[in-house]
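**Student:** mind folding the following:
(one chain, ligands or ions: 1)
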Amino acid sequence: MPLFCKQCDGRRLPIYQTTEKDTFWHCEKCGNFADKDDVIIRELTKTEIDEMNKKLDDFKKNVVLTGEKMSRRKGVN
Ligand SMILES: [Zn+2]
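**Tutor:** Numbering: from 1, shown residues only. From the prediction side, this is the model:
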C-alpha cells in the first residue's frame, strides 16, 4: 500500500473520490493522489485546495468556539 509518498516520504491518507469511485492516497505536502499501485493519478486542483482550506478554517473556528465555551463553564463552576 502506498502509505508513504514516494516524492517526499510524507504519510499519505486514503481519501475516497466520488468522481473516480475509488479510494486514492493523498499526500498533503505534494498535493497529489496515488492509486493502490502507487501510480500518481492526479494533482490536487486549486478548487480542491481552496475547499480543503475552507473546511480546515471552519474546523479551527469550531474548535476555538468549543474551547471558549468549555473554559467559561469551568469558570462558572
Ligand atoms: Zn509527498
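
**Student:** which helix or which strand is home to residue 38?
**Tutor:** Using DSSP states H and E, residue 38 maps to neither a helix nor a strand.

**Student:** now do the one 10 residues further on
**Tutor:** Element membership of residue 48 [criterion: DSSP H and E] is helix 46-76.

**Student:** same deal with residue 19?
**Tutor:** Using DSSP H and E, residue 19 maps to neither a helix nor a strand.

**Student:** for residue 17, phi and psi?
**Tutor:** Torsion angles at residue 17 (phi, psi; degrees, to the nearest 10) stand at phi -100, psi 120.

**Student:** which residue, neighbours along the chain excluded, lies closest to it?
**Tutor:** Excluding the flanking residues, the one nearest residue 17 by CB to CB, 6 or more residues apart in numbering is residue 24, at 5.5 Å. From N, CA and C alone the C-beta is placed, and that goes for glycine too.

**Student:** outline the domain layout of the protein.
**Tutor:** If you go by automatic domain parsing, the domain ranges for the chain are 1-44, 45-77.

**Student:** possible to save those domains as JSON lines with mean neighbour count?
**Tutor:** Listed next are those as JSON lines, based on neighbours: other CB atoms under 10 Å:
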{"stretch": "domain 1-44", "mean neighbour count": "14"}
{"stretch": "domain 45-77", "mean neighbour count": "10"}
